[in-house]
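Student: Let me see the structure of the following:
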Amino acid sequence: MVNGTLLSILFLSGISDQPNLQLPLFLIFLHIYCMTLVGNLLIIVLVVIDSHLHTPMYFFLANLAFLDLCSASLTTPRMLFDLITNNWKMSVPACLTQVYFFILLVTTEILLLAVMSFDRYVAICRPLHYVQIMHWKACIQLAVSVWTLCIVYSLVHILITLRLTFCDSNIVQSFFCDLPKLFQISCTDVFINILTIFLLGGLVEMVFVLMTFIPYITVFSTVLKIKEKDKRFKAFSTCSSHLTVAFVFYGTLTFNYFKPSDKYQYTTDRLASVFYTTITPLLNPLIYSLRNHELKAAIKRMYKACDFSNI
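Tutor: Numbering: from 1, shown residues only. Now for the predicted structure:
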C-alpha cells in the first residue's frame, strides 16, 4: 500500500530557472518553430505539386517532413505557452497523452529512416529492378506498415505506463512529459516499464538502426564504381543528406538517454531535449534543401510559377 495522496497535476521544471530569460527564450523558440513549419510544409507542398518529385524517395521524404511537423507541434506550442504565462502545469492524463505521441513519433521516424535507407539501396545497387520493387503500392504499404507497427508499439508502452501513480513529487524535470522523467517521480515500481523499454524498445531500435546504416556499406561501394561524375555526385548527395539526418537524430537521442550521469546532468538533459524536440525538426528540411539539387530545382520552378516579381 502506497502512502501519500495520489497526484493528478504535474508541474514541468521548464527550460530555464532564470525569469529574465523567459521572454528571450519565447522569441527564439517561436522563431525556430515558425521556420520549422515553413521548411517542412515547403517540402510537403513541393512533393505534392511538382511532378518531378513524384518518386518513392520524395514520398518518404514528405512523410519525414510530416513527422517533423508533428514532433515540433507536440512540444513547442505548449512550451511557448508556458514560457509566456509561466504556467508549466499539466494534468496526468494530458502528460501521458503527450508521452504516447512522443513515443509514436520517435519510433516512426526510426522505422522511416530505415525504409528510406532501403529505398536508396535498391535505387543505387539494383537500379534495373527499382521500378518493380519500389512501385507505388509497395511504398504505400511500407508507409502504412510503419505507422501501424509504431501505433501498436507505442500503445504497449503507454498501457504499462498507465499503471503508474504519483504521490511524492509532482515536478517533472523537463519542459515536456518524457517517460524516463516520469519514472523518476513515480511511487509505483517501474521495473516492468524499464524492462519493457530495454527488451522491446532495445530490440526494435537496434534492428532498425542496423537496417538504416548497414545498407550504406554496399551503397557507397557501388557509388564509387560509377564512372560518370555527375551521376556519382548525385548519388552521394542524396545518400549524404539521408545519412546526415540519421546521424543527427540518433546522436541526440543517444546522448540524452545513454550518457553518463554527472553533476551537470539536469542542464545537459534540457539541452539535449531541446535539440531533438525543436532543433532536429528544423535541421531536417534545411539539410535536404541545401544538399539536394532536385529539391532546389523544384523550389526555383515553384518560384518562377508564382512569378513574385509581378506582384
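
Student: you'd agree residue 86 is up against residue 22?
Tutor: Yes: the pair residue 86 / residue 22 is scored as a contact, 6.5 Å apart, by CB atoms under 8 Å. C-beta: built from backbone N, CA, C; applies to glycine.

Student: These two - which one has more neighbours?
Tutor: residue 22 (17 against 10; other CB atoms under 10 Å).

Student: I'd guessed that one sits against residue 83; true?
Tutor: Yes: shown here, residue 22 and residue 83 form a contact pair, counting by CB under 8 Å, at 5.3 Å.

Student: Could I get the pLDDT score of residue 251?
Tutor: As predicted, residue 251 sits at a pLDDT of 78.

Student: Ramachandran angles for residue 166?
Tutor: phi -130, psi 120 (degrees, to the nearest 10).

Student: Measure how buried it is and give me the count.
Tutor: Neighbours around residue 166, by other CB under 10 Å: 22.

Student: Check which helix or strand residue 57 maps to.
Tutor: helix 56-85 (DSSP states H and E).

Student: Return the distance of that helix from the chain's centre.
Tutor: Averaging C-alpha positions (CA atoms, centre = their mean, to the nearest Å) puts helix 56-85 8 Å from its chain's average.

Student: For the helix or strand following it, buried residues please.
Tutor: Going down the chain from helix 56-85, the next helix or strand is strand 89-91, by DSSP H and E. Neighbour-count burial for strand 89-91 flags residue 90 (criterion: 16 or more other CB atoms under 10 Å).

Student: tell me what strand 89-91 is packed against?
Tutor: strand 9-12 (3 or more CB pairs under 8 Å, 6 or more residues apart in numbering; DSSP states H and E).

Student: So for the strand it packs on, mean pLDDT?
Tutor: Strand 9-12 comes out at a mean pLDDT of 88.

Student: Tell me how far the closest residue in space to residue 193 that isn't next to it in sequence lies from residue 182.
Tutor: Spatial nearest neighbour of residue 193, excluding adjacent residues (CB to CB, 6 or more residues apart in numbering): residue 160 at 5.6 Å. Separation of residue 160 from residue 182 (CB to CB, to the nearest Å) stands at 12 Å.

Student: Looking at these two, which has the bigger crowd around it?
Tutor: Legend: neighbour count by other CB under 10 Å for residue 160 and residue 182, higher for residue 182 (21 against 15).

Student: Give me the contact list for the helix or strand encompassing that one.
Tutor: If you go by DSSP H and E, residue 182 is part of helix 179-185. Identification of contacts with helix 179-185 by CB atoms under 8 Å, 6 or more residues apart in numbering yields 10, 95, 99, 102-103, 157, 161, 164, 166, 168-174, 190, 193-194, 197, 257.
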